[in-house]
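Enquirer: Have a look at this prediction, sequence included:
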Amino acid sequence: MNDTFLKACRGEKTEYTPVWLMRQAGRYLPEYQKVRSNVDFLTLCKTPELAAEVTKQPVDILKVDAAILFSDILIPIEPMGMKLEFSESKGPILYDPIRSDIAVSKLRRIKANDDVPFVIETIKILVKDLNVPLIGFSGAPFTLATYMIEGGSSKNYVNTKKMMYQSPELYTSLMEKITDTVINYLQAQIDAGVHAIQVFDSWAGILCPIDFEKYALPYVQRIVLAFKGKVPIIYFAFNSSAMLKLVKQSGADVLGIDWRVDISDAVNAVGNDVAVQGNLDPCTLFGTKDLIRDRVTGILQGAKNAKGHIFNLGHGILPETPVENAIAMVEAVHELSNGRLAYA
Ligand SMILES: Cc1c2[nH]c(c1CCC(=O)O)Cc1[nH]c(c(CCC(=O)O)c1C)Cc1[nH]c(c(CCC(=O)O)c1C)Cc1[nH]c(c(C)c1CCC(=O)O)C2
């Protein structure tokens, strides 16, 4: 197996900088569109053979150094007891948002092997087939809570913040229940064979630093502690470049960096005892191949003092992205970092 990605996560020397893309299995790929034209998104997530097939597509097409399980962060919320739907126009919808003690008390702590067997089955198929490491994942408790409290995506997250400030005990009991579920869910993924895990905190950036420290970070720390030393843990807190020192306190082995910060400044902020992942602006892939090479060079250079660097976008690849430009990006990372033996 190509273990370059795992080595970089651990801060070991690598022959070149490994690369994968967030949302690498998705709508920009005609091969994905073809599978997706026959089934809706949730059915795709719940059908192991199909989920495994689309997980492998970017590995074959882009030649990335890691695969990420095809699923969604909202999948475990359904067996917790909320009705989930993906609307083409509105995105995810969770019915009867959680706003009361009764609603929280009705939520179940899931047992992943029984409640989401299709996720476990998909992983088992993939670890047999893949020649690169498989990344499992979960949403971070705060990000999952925003979906459960708001009932979907939101502009200002007023209901979430109201609960934090007006009903702190209710907020804490919800977060504890979600954290228990996330730990069970990730443990089941590890038992099934994933080689690393990524925790997506997509909405961490709506919090001011003191609220992040109080209302989001402790739950991530509990998750990291549960898996530390078992498999590499990547923590991606989107839009958090103004609080990277706090993000580092998660204890994760790798910190995901979005594109709003120069990666050399991010490395200065977090120090050289943790690996970083990132951070090309996904829209760069709409530029010319020369621009892409140029930006790749800058990021490789900027991350050279990190304990380890995994090249990635600063957020998910966008649906309209030209596939040939994604391929060119992966080629540029491999070629321009080759032989550099970046990490001491
Ligand atoms: C916030 C979040 C979600 N899901 C996810 C996050 C965290 C990452 C981030 O910040 O982007 C994580 C996710 N979603 C998906 C993956 C699969 C693995 C991968 O290739 O990265 C992963 C890791 C597939 C998906 N998840 C979704 C799609 C599109 C579904 C389709 O085929 O129509 C895919 C491929 C749907 C989804 N899922 C979610 C939203 C808001 C949407 C609708 C918006 C959109 O359509 O992009 C919730």
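Expert: Nice, thanks for sending it over. What you see is a predicted model; the values in this text were computed from it and never measured. Residues are numbered from 1 along each chain as shown.
Enquirer: now Lys289, nearest residue through space, not along the chain?
Expert: Ala328 (4.8 Å; Cβ to Cβ, 6 or more residues apart in numbering). (C-beta placed from N, C-alpha, C; glycine too.)
Enquirer: List the contacts of the one you found.
Expert: Contact analysis of Ala328 by Cβ atoms under 8 Å, 6 or more residues apart in numbering lists 289, 292-293.
Enquirer: tell me which element it falls in.
Expert: helix 323-337 (DSSP states H and E).
Enquirer: Counting neighbours, which bits of that helix end up buried?
Expert: With burial defined by 16 or more other Cβ atoms under 10 Å, the residues of helix 323-337 counted as buried are 323, 325-334, 336-337.
Enquirer: does it come close to the ligand?
Expert: No - with Cβ under 6 Å from any ligand atom as the criterion, the ligand is not reached by helix 323-337; the gap is at least 12.1 Å.
Enquirer: what element comes up after the lengthiest helix in the chain heading to the C-terminus?
Expert: Ordering each helix of the chain by length in residues (DSSP state H) puts helix 168-192 first. Downstream of helix 168-192, the first helix or strand assigned by DSSP H and E is strand 196-201.
Enquirer: which residues are contacting the next helix or strand after that next one?
Expert: Later in the chain than strand 196-201, the nearest helix or strand by DSSP H and E is helix 209-211. Residues external to helix 209-211 that are found in contact with it (Cβ under 8 Å, 6+ apart): 164, 242-243, 246.
Enquirer: And stretch 44-57, by the same measure?
Expert: Contacts for stretch 44-57 (Cβ under 8 Å, 6+ apart): 25, 29, 31-32, 35-36, 39, 67-72, 75, 118, 121-122, 125-126, 129-130, 134.
Enquirer: go on, stretch 165-183?
Expert: Here stretch 165-183 has contacts from 76, 80, 98, 100-101, 104, 107, 109-110, 138-142, 144-145, 148-149, 163-164, 199, 215, 219, 222-223, 226, using Cβ under 8 Å, 6+ apart.
Enquirer: Which ones among the contacts of stretch 44-57 also lie next to the ligand?
Expert: Among the contacts of stretch 44-57, the residues lying close to the ligand (Cβ under 6 Å from any ligand atom) are 25, 36, 68, 70-72.
Enquirer: Among the residues you listed, which ones are in helices?
Expert: Of those, the ones assigned to helices by DSSP H are Arg36.
Enquirer: those strands in the stretch 51-200 of the chain, which residues are they?
Expert: Using DSSP state E, counting those that start in this stretch, the strands of the stretch 51-200 of the chain run over 67-68, 84-87, 91-94, 134-139, 196-201.
Enquirer: Kindly reformat these as TSV and extend each row with mean pLDDT, mean neighbour count and distance to Asp211.
Expert: Converted to TSV, these look like this (pLDDT from 0 to 100; neighbours: other Cβ atoms under 10 Å; distance: least, Cβ to Cβ, whole Å):
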stretch	mean pLDDT	mean neighbour count	distance to Asp211
strand 67-68	98	25	29
strand 84-87	96	14	27
strand 91-94	97	16	22
strand 134-139	98	23	18
strand 196-201	98	25	13
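Enquirer: need those strands in CSV with distance to Thr14, can you?
Expert: What follows is the strands of the stretch 51-200 of the chain, written out as CSV (distance: least, Cβ to Cβ, whole Å):
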stretch, distance to Thr14
strand 67-68, 18
strand 84-87, 37
strand 91-94, 36
strand 134-139, 17
strand 196-201, 15
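Enquirer: Would you mind naming the residues that bridge with the residue nearest to the spatial centre of the chain?
Expert: In the chain, the residue lying closest to the centroid (Cα atoms, centre = their mean) is Phe200, at 4.0 Å. Counting by DSSP bridges, Phe200 forms beta bridges with Gly139, Phe236.
Enquirer: what's the distance between it and Pro48?
Expert: 22 Å (Cβ to Cβ, to the nearest Å).
Enquirer: so where's this structure uncertain?
Expert: 340-344 (pLDDT under 70).
Enquirer: tell me the residue furthest from the middle of it?
Expert: Centroid-distance maximum for the chain: Ile102 at 30.8 Å, with Cα atoms, centre = their mean.
Enquirer: about what we covered before: touching, the residue nearest to the centre of the chain and Gly136? I think so.
Expert: No - applying Cβ atoms under 8 Å as the test, Phe200 and Gly136 come out as separate, 11.5 Å apart.
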